[in-house]
Every structure is written in structure tokens, then in C-alpha cells.
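**Student:** fold the following, please.
(2 chains)
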Amino acid sequence: MTTTTTRTSTAGAASTRRTRSSDTPFVTFEQANRRLKWALLAPALGFVGLMIAFPLVFTINLSLTDAFGAVNAGNSYVGLQNFADALTDTRRFWPAVGRTVTFTLGAVVLETVLGLALAMLMRKAFRGMEIVRTILMVPLLATPVAIGILWMLILDPTNGIANHLLGFVGIPPQEFLGSVSQSLPTLMLIDVWQWTPMMTVLLLAGLTTLPEEPEEAARVDGANAWQRFVHIILPMLRTTILTALVLRGVDALKTFDLIYATKGPGGGSDFEAETLNVYAYGLTFDYQEYGLASAVLVLFTLFIVAIVVVLRRRTERSAS
Amino acid sequence: MTHVLRPRAARGIELSRRSFGVLAATSVLAACAGSPRTASPDAPLRVLAINHVWTQAISRYLPELEERIGRRVSLRMLTADQLTSSFNVKLNASATDIDVMTIRPLQDQMMFARNGWIADLTDRVEGDADYRWTDFQDAPRERSITAGAAVSVPVVTERPALYYRKDLLEEFGGAPRTLDDMLDIALETQRRSEGFFGFVGRGQRAGAVTQWSSFLYSFGGDFTVDGRSGIGTPEAVAAYEFYGRLLHDAGPPGATNMSLEQAMPIFAQGKAAMYVDADAIYSNFLDTSISTVTDTVGFAPFPAGQAGSVPHNIPSWSLAVNEFSLLRDDSWEFLRWASSPEMVARLQSEGIPGARQSVWDDPATLASFPADLAEAMRINAANGVGHDRPEVMQVGRARDIVGRPLVSGIVGEDVASVAADADAEFNDFLVRDNRQQEF
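**Tutor:** Numbers count the residues shown, from 1 in each chain, chains lettered A, B, ... in the order given. The predicted model follows:
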């Protein structure tokens, strides 16, 4: 049997709670909702806990141990020794940090400049625009491993078509990914080839939302195209650019598959393309040094979080 | 505000804080509880194997085994890197969904045994007279034993072969018999400006170590000497310099980025006079769809250095049983069947070199190989050393260390100073690695 009554005051609610606690079968909708809310949230919370929080906590825990060979073997806590080992490693860790920063900055700056240029070109409708946009999106749709293998074949120093084409214009054959000095720039260019379309799409979306009046007013006042771009469009687009930089920058920092597919373990014979991600993977799967690998990953995570926080603050400041 | 009064039985959605906690804890415990410790009668025998001609060949005969054990066999193939990563991920979680594993005994076995991931097969291999454990060649059999226990059985063996262009080397009297002749011919035949090379081989830092090992042994060196690093010895430095000069002066550009996948097509496309790599890949040069040298390729034993011709002769792939498998008896049946004298003879007759001496002694099993390759394999097996990389726990790191002077040689840098530095680093590594081996 179900009976419904109306509560008229807070005191009444307290009274209801007391009444229920003394075993009367009354429960408010609020109480039922509150409990149901937790029950309904439980799967999502469990998923987040399992998929995000647990690995993070597990990795941090592992980074404080001397885990080697197997993570479930008897490991001992070594405090911050792994962090000290990583931070004092000038042969692999710091060069990997340098390459990670170089790769990210180089690739993202180029992608932003090219993406903005393409977005400006495609801002006004033109004949065949849909075809151009579709073609531009093609690299974005392919997986990085497939792209890596494709470019390996194109850039193969002996059998690749790139050197064949360079020969037509009198440029001597290049080693590209086979060279210690050319590997990282080549990888950056491949990344630019793949991800510039994404920057174009993001910036184009930002451009289409800009009001036309300020630019019209500047045109009436006699500003040329470059002046309108620098003094009107860029300042108005700053928030979009910063957002695109955060999104693409974080993604570029984490690049792994392209580098591993083209350069293999260690990022090449002289570790010439070894970024932090590739280094951590090698420590885990080639060396089975799980403790040190976890410490590197924790440092890498902190590094990414710091960059995101700085860029977010700049974005917010810019927006305000 | 409304109050809801319902009978206790009707409160289907009502959940007290305590009961919610109990429910959540129960769910977590249920999720974390291990799977049943016995396999279902319908469970397949799961084999996680390398994508290799051996696996492709054995898969054709699986119905024989399925009939014998009364259980379906599920065979999954991965590349070597994927396989190692898979084992690392799954066995770190004590996974029971792998029963039989193909492992690289010289790369993975010591670490897997230390981790307790592969089962001790000593009683099975030694206690079965029909299996004839002592029929396996000494080197592969010895590499199946870690810390006194047999933990794998070898199924594929490998040696280096000298692949050469018969048409081009005819004027030099055929394949070189010594390493010095090989260098001279490589330098004479190369026309690098036209895209033709005297020699091609692996050049990646870690990837090249295994093929370079035969050069090292033939110069009289080894990775370790009396438990200490051997890569700083004059013999090792000479081997580094020699291999570096071969690729630097007569090899293709970008050699330091070359593994098997990059080096092999160069020879197969007729762009190199000589190539040293595993004898197991010979069929690539006889396949008209990928090779332009099917009629001109020749096979020869590894050339002699100052210490003679001392190539490696190793078990490249072995079978092991997952320690956490719920089907250990059936897994052993798979190993026993796949490495039986009959199956090894059958597969060797199809061109896949095994590890049983009785099979090698039967000329009929070598009939499918080109005659000069069969002879080269026989000679290399007789002279061979049972390892092609440092015999340590952490092979990946060791290969990175010993491969450093190799890269210096290939790019034309001073090898001696880099070898001295790598030698010191390798000695430090060996001390740490020896400590890890005490398990």
C-alpha cells in the first residue's frame, strides 16, 4: 500500500527522517532520488575510477618501486630514486625532453601558420571548395602507423620516389629518416602534413564566427588586407588559436605511433628521434624497467599538465 | 513536499547507503575474483605465436592434434614486437588465456623464467623416452635450459647465410671465402652514385647486433669474456670497424635505419652484390613476385675471419607453456607433437630448418633447399656458436649498449673510443644484470 502526505516545514522533514529511522517505511522523493542518483552514477564513477584514477595511482605507486621484469614480482619501495635517476640522466632522458619540446613546438607552430593560411584562403566560398576541403581531410583520416609506413616507402633513400623526384631538379639523394640529423625534421614535416588540416578546420570554424563589421570598418578607413589581418582578425581569433594550440600541442606532445613506426625502438640508432613517449615505451617493453618507466611517465604527465595549465590561463586571460 | 509510504517489498529502487556500499564492494570483489581454476571441456587450446613460416606450416597440420587431444586449437599470430608486448601485458596480469607461447629463447627466456611466466618442462622432456630430448642439437637444447630447468623446446634454428649475385661475382671466382675478400669485392662492385651497392646488411643499433655477432666471432671476439665485457677487446674493435667499413664504404645510404625489412628488398631488387642475413629468409629471393634475382642469387657459408668461419647457429624460435595455463597437459601435447622427430622432419622437408640432429642427418629433409644453401647451412651449423646476442637477462638494454660502436663504424666515426666507452658501460650493466639473475 502507498500513502502520500505533504511536508510543510523543515521541522517536518527532520521529523520524517527521525520517523523513518525508527523503522517506519516512509521515504521522501528527495531521499529516494539521492540514493538512486548514486546508484545511477555508479557505473560512470566506476568506469572513471577504473580507467583513469586506478592506472594513475598504480603508475605513481610503481614509480616509487624498483619494479623490474614483472610488475607483480616482489618489488621494494625505493622512494624517489627513480625520479632522481631520470632527472640526472643526461644520455637519454634530457635529450628525449629536448626532442619532445622541439618536435612539438616545430610541428605545432608550422601547423598553426599553415592552418591559418589555409583557413583564410577557404574563408570565402569558391568553386570546388568542397572538393578541396575533402582532399585536405584525407591525411587526417589515416592512422599514424599507416602514414608512417607510407612515408617510409616514399622517403626510402634507395628505393623511394622522393629521391627519384629530387633527382629531376638536380638535388642529390637525401637519407631522410635514415639520417641522424634529418630524422626529427622529417618526422615534424610528416606530422605537419597530417595535422595541418585539423588546424585549418578549427581555425576556419573560428573565422566564420567573427563579426564582419570591424573588418568592414577598417576597410572603409583604408586598411589594406595585411593590416586588417594583423590588427583586426588575429586579435579577434586569439582565443580560437590558443584553444587550437592547446588541443594540438597536447596531442603532438604525446606522439608515439608515427615515430615508432618509422624509427623503431629507441627512436633510431642514435636515439635521434627518441621522445619521452618512445623512451618510456622502451623502458617498459624493451628493458622491462617498470619502476623507472613509471617515473618517466609521471614526470611526463606533470610536464603536460603544467603546459595545459599555462595555456589555459592564457586563454582565459585572453578571453576576458 | 511528498512522503512516500510503501511496503518494504515494494521498495525496489530504494538503496540505503550501507546496502549501496555492500553492493559496490560485492561487485568489485566479483569483478576481481579470479576465473575458475579449471578449464572448461570446450575451452580451446590457445596458442599465441610468431607470424613466421613455421607457424603457417604447423597450422596446416593442427587437425591432427585436435583429434588427438579432443580439443580445438586456436592459433593467433603476431609480429615479434607485438608478441613480446602481448606477453608482457598479459602475463604481468597472470593471464590464463594463453596456453602455448612461441618465444625467442635468446631474447625472452631468461626474463620470462625469472618472472615465473613459463612452466618447467624438465620432467616432461626428460621423462619421455619417445620424445628423445637428447636428439636436439646441443646449442639449441642448452639454450632451452634456464637456471637448471628446461623451460622451452626449440622448433626453428637459424644461421647467417651469405647471399650473393652469382653473375657479378663470377669474375672474382664466386662467393668470397674470407672476410677480407668480401670487403675487397664489395668495394670493387659498388657503384654507389648509380644506386648499386657492394654489400647490404642490417645497420640499426640493436637490430644489427645479431647479424654482426658472426663477424665478431670470426674475428676471435665475443660479447663477454670470463664474465666481463668483451666489446672493448682488439678483436671486437676490429669486427666493429670491419662491419662499419663494409656498410659505410660499400653499403646503401641510411644504413643505420635498416633492419631486415629495409635491407632485404635492396638485395631482392638487384641493387646489391652481397647480403648477410638469416638463412631462414632465403625463399624471399626465390619468389618472382618480390625478387628480381631469382636466377642469379647464390648461397654460401659465412666467410672466414682471423679466427676462421664462426657464424652463430641459434634456436630462433622455441615453444613454451604459460605457467598460468589451465591446460598444461594439452599444452605439453602441443609441444611434444610440434617438435617431434616426425614433425620436424616434415617441416624441414618443406624448407623450415629445425633443431633435431637426426633430421639434419637425413639428406632427404634438405632436398627442398637449393643445393648450395643446404651445404652452407650444414657447414654453418657445424661451425656455429649457440648465441647471437649477449646472454643476459636484460637483452634489450645489452643490445643497445653493444650496438653503439656498430653505428659509429657505419657512419664513419672513430670506433675505438666509442667501443671503449661502450665497454665500460657494458661492464657496469653486467654487474647489475648478474644481480638480477640471482632468482
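
**Student:** do you know how far the residue of the stretch 101-250 of chain A found nearest chain B is from residue A:70?
**Tutor:** In the stretch 101-250 of chain A, the residue found nearest to chain B is residue A:178; the distance is 1.9 Å by CB to the nearest CB. Every C-beta, even on glycine, is put in place using the N, C-alpha and C of the backbone. Relative to residue A:70, residue A:178 is positioned 36 Å away (CB to CB, to the nearest Å).

**Student:** how about residue B:391?
**Tutor:** Taking CB to CB as the measure, residue B:391 and residue A:70 are separated by 20 Å.

**Student:** and residue A:123, by the same measure?
**Tutor:** Computed with CB to CB, the distance linking residue A:123 and residue A:70 is 56 Å.

**Student:** give me the more crowded residue out of those two.
**Tutor:** The residue with the greater number of neighbours, taking residue A:123 and residue A:70 and applying other CB atoms under 10 Å in any protein chain shown, is residue A:70; the counts read 20 against 14.

**Student:** contacts only, for that one.
**Tutor:** In this structure, residue A:70 makes contact with A:288, B:91, B:92, B:114, B:115, B:116, B:117, judged by CB atoms under 8 Å, 6 or more residues apart in numbering or on different chains.

**Student:** could these go into a markdown table alongside pLDDT and secondary structure?
**Tutor:** As requested, the contacts of residue A:70 are arranged in a markdown table below (pLDDT from 0 to 100; DSSP: H, G, I helix; E, B strand; the rest coil):
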| residue | pLDDT | secondary structure |
| --- | --- | --- |
| A:288 | 93 | coil |
| B:91 | 94 | helix |
| B:92 | 92 | helix |
| B:114 | 92 | helix |
| B:115 | 93 | helix |
| B:116 | 93 | coil |
| B:117 | 96 | coil |
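
**Student:** reformat these as TSV; add distance to residue B:237 and neighbour count.
**Tutor:** Supplementary listing: those in TSV, determined by distance: CB to CB, whole Å; neighbours: other CB atoms under 10 Å in any protein chain shown:
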residue	distance to residue B:237	neighbour count
A:288	30	25
B:91	39	21
B:92	39	18
B:114	32	21
B:115	35	21
B:116	39	17
B:117	38	27
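
**Student:** go through those and name the one nearest residue A:43.
**Tutor:** Comparing those against residue A:43 with CB to CB picks out residue B:92 as the nearest, at 26.7 Å.

**Student:** taking the stretch 301-439 of chain B, what residue is nearest to chain A?
**Tutor:** For the stretch 301-439 of chain B, the residue positioned closest to chain A under CB to the nearest CB is residue B:396, at a distance of 3.6 Å.

**Student:** how about that residue, nearest residue that isn't a chain neighbour?
**Tutor:** residue A:286 (3.6 Å; CB to CB, 6 or more residues apart in numbering or on different chains).

**Student:** how many neighbours does that neighbour have?
**Tutor:** Burial of residue A:286 is recorded as 22 neighbouring residues (other CB under 10 Å).

**Student:** what about residue 46, helix or strand, and which?
**Tutor:** Just going to use chain A. Of the helices and strands defined by DSSP states H and E, residue A:46 is found in helix A:29-48.

**Student:** please go with chain B instead
**Tutor:** Using DSSP H and E, the element containing residue B:46 is strand B:45-50.

**Student:** and residue B:246, by the same measure?
**Tutor:** Secondary structure assignment for residue B:246, by DSSP H and E: helix B:234-250.

**Student:** returning to what we had before: out of the contacts of residue A:70, who's nearest residue A:54?
**Tutor:** Within the contacts of residue A:70, distances to residue A:54 taken as CB to CB reach their minimum at residue B:92, with 15.0 Å.

**Student:** what's around residue A:53, how many residues?
**Tutor:** Neighbourhood size, residue A:53 [other CB under 10 Å]: 11.

**Student:** follow-up on the earlier one: what's in contact with the helix holding residue B:246?
**Tutor:** Contact partners of helix B:234-250, identified using CB under 8 Å, 6+ apart, comprise B:179, B:182-183, B:186-187, B:189-190, B:192, B:197-201, B:203, B:208, B:212, B:215-216, B:218-222, B:230-231, B:255, B:305-307, B:405-406, B:408-412, B:415-416, B:419.

**Student:** how close does the residue of the stretch 301-439 of chain B closest to chain A sit to residue B:207?
**Tutor:** Between residue B:396 and residue B:207 the distance, using CB to CB, works out to 11 Å.

**Student:** still on that earlier bit, could you point out which element follows the helix holding residue A:46?
**Tutor:** Tracing the chain C-terminally past helix A:29-48 and defining elements by DSSP H and E, one meets helix A:54-63 next.

**Student:** check whether that following helix comes near chain B.
**Tutor:** No - applying CB under 8 Å from any CB of the partner chain, one finds helix A:54-63 separated from chain B by no less than 11.0 Å.

**Student:** quick one: that helix to helix A:29-48, angle?
**Tutor:** 50 degrees (axes from the mean of the first three to the mean of the last three CA atoms, to 10 degrees).

**Student:** in helix A:54-63, what's buried?
**Tutor:** In terms of neighbour count (16 or more other CB atoms under 10 Å in any protein chain shown), helix A:54-63 has its buried residues at A:59, A:62, A:63.

**Student:** how would you label residue B:318: helix, strand or coil?
**Tutor:** Put simply, residue B:318 is strand when judged by DSSP: H, G, I helix; E, B strand; the rest coil.

**Student:** picking that back up, and the helix holding residue A:46, what does it pack against?
**Tutor:** strand B:2-5, helix B:17-32 (3 or more CB pairs under 8 Å, 6 or more residues apart in numbering or on different chains; DSSP states H and E).

**Student:** how far is that helix from where the chain is centred?
**Tutor:** Using CA atoms, centre = their mean, to the nearest Å, the mean C-alpha position of helix A:29-48 is found 31 Å from that of the whole chain.
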